[in-house]
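In: sequence unknown, structure follows:
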């Protein structure tokens, strides 16, 4: 994999990418979540673009707006705007359509992109998330308990005040709480902490969550209009992750016309790192049937 900075609307985005020799290769876009960067795909990328990969894909894995080495503007964190960032990156690389794989926050960006620009999406895979709209309209106590951080991050100024000087302690709490196979993340947690210790990084990630009011309002419009995803959708979640004991695929049925899904055993929230082999197997099977 190579790395490149791509400018979209005056913002610079750090991207990992791989261009196969075969110009007809299908494209794959990998979108990370919180509190991570594109580095979370390190064990998935070789299976899609490495020398031993069964099939070589045109691959791009960007740091989302506000994350990693990408710029951290003070606005534009609604998912519609973040989706346009990804479309701009695709245009710069000459990618017309792609298989999208989104984990956590990246899955929410991918969901919005698939609704707004379905012609650019071949398939959509969402990892360990239910639709944002469903989460904020079900009113369940389990949702409030499991996603307390989301409500905290939405508050103005407060999360910055509470985490100032304690980025490592704060992030490590979630890496410990949300994992089953912690040993697979341990070697990389320091890298994530350093990424979020950059100036503006924590504020930007909180802004991502603060856009929820706008995101849910747009989602509600789509839901009332019965706008559903028509491309094939795969929903995977960790059996020991945030969605444990919930059939996430069933939740997605209200938002899609063609969805399949299942839990991944012995896995927490961080599927790309806790179960990369299983994820790759699921993706290959899904894409082969969607072709």
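Out: Great, that's in hand. Bear in mind the structure is a predicted one, so any value in this text is a computation, not a measurement.
In: from here on, just use CA atoms for contacts and neighbour counts.
Out: Fine.
In: quick one: least confident helix or strand in this structure?
Out: Ranking every helix and strand in the chain by mean pLDDT, DSSP states H and E puts helix 141-146 at the bottom, with a mean of 60.
In: which residue ranges of this structure form strands?
Out: Ranges of strands in the chain, per DSSP state E, are 2-8, 11-18, 27-31, 58-62, 98-103, 121-127, 233-238, 259-264.
In: any chance of those in JSON lines, plus mean pLDDT, mean neighbour count and distance to residue 180?
Out: JSON lines is the format used below for the strands of the chain (pLDDT from 0 to 100; neighbours: other C-alpha atoms under 10 Å; distance: least, C-alpha to C-alpha, whole Å):
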{"stretch": "strand 2-8", "mean pLDDT": "96", "mean neighbour count": "14", "distance to residue 180": "30"}
{"stretch": "strand 11-18", "mean pLDDT": "96", "mean neighbour count": "21", "distance to residue 180": "27"}
{"stretch": "strand 27-31", "mean pLDDT": "97", "mean neighbour count": "25", "distance to residue 180": "22"}
{"stretch": "strand 58-62", "mean pLDDT": "96", "mean neighbour count": "26", "distance to residue 180": "25"}
{"stretch": "strand 98-103", "mean pLDDT": "98", "mean neighbour count": "24", "distance to residue 180": "16"}
{"stretch": "strand 121-127", "mean pLDDT": "98", "mean neighbour count": "25", "distance to residue 180": "15"}
{"stretch": "strand 233-238", "mean pLDDT": "97", "mean neighbour count": "26", "distance to residue 180": "9"}
{"stretch": "strand 259-264", "mean pLDDT": "97", "mean neighbour count": "20", "distance to residue 180": "11"}
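In: and residue 74, which of the ones you listed is closest to it?
Out: strand 11-18 (11.3 Å; C-alpha to C-alpha).
In: now do that closest one against strand 27-31, angle only.
Out: 130 degrees (axes from the mean of the first three to the mean of the last three C-alpha atoms, to 10 degrees).
In: parallel or antiparallel, which strands does strand 11-18 pair with?
Out: Using DSSP bridges, strand 11-18 pairs in its sheet with strand 2-8 (antiparallel), strand 58-62 (antiparallel).
In: out of these, flag the one nearest residue 214.
Out: strand 2-8 (22.0 Å).
In: residue 237 contacts residue 129, doesn't it?
Out: Yes: here residue 237 reaches residue 129: they are 7.2 Å apart, a contact under C-alpha atoms under 8 Å.
In: identify the contacts common to those two.
Out: Common neighbours of residue 237 and residue 129, counting by C-alpha atoms under 8 Å, 6 or more residues apart in numbering, are 243, 248.
In: as JSON lines, the strands of the chain with distance to residue 246 would be great.
Out: Formatted as JSON lines, the strands of the chain follow (distance: least, C-alpha to C-alpha, whole Å):
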{"stretch": "strand 2-8", "distance to residue 246": "37"}
{"stretch": "strand 11-18", "distance to residue 246": "33"}
{"stretch": "strand 27-31", "distance to residue 246": "23"}
{"stretch": "strand 58-62", "distance to residue 246": "29"}
{"stretch": "strand 98-103", "distance to residue 246": "17"}
{"stretch": "strand 121-127", "distance to residue 246": "14"}
{"stretch": "strand 233-238", "distance to residue 246": "9"}
{"stretch": "strand 259-264", "distance to residue 246": "9"}
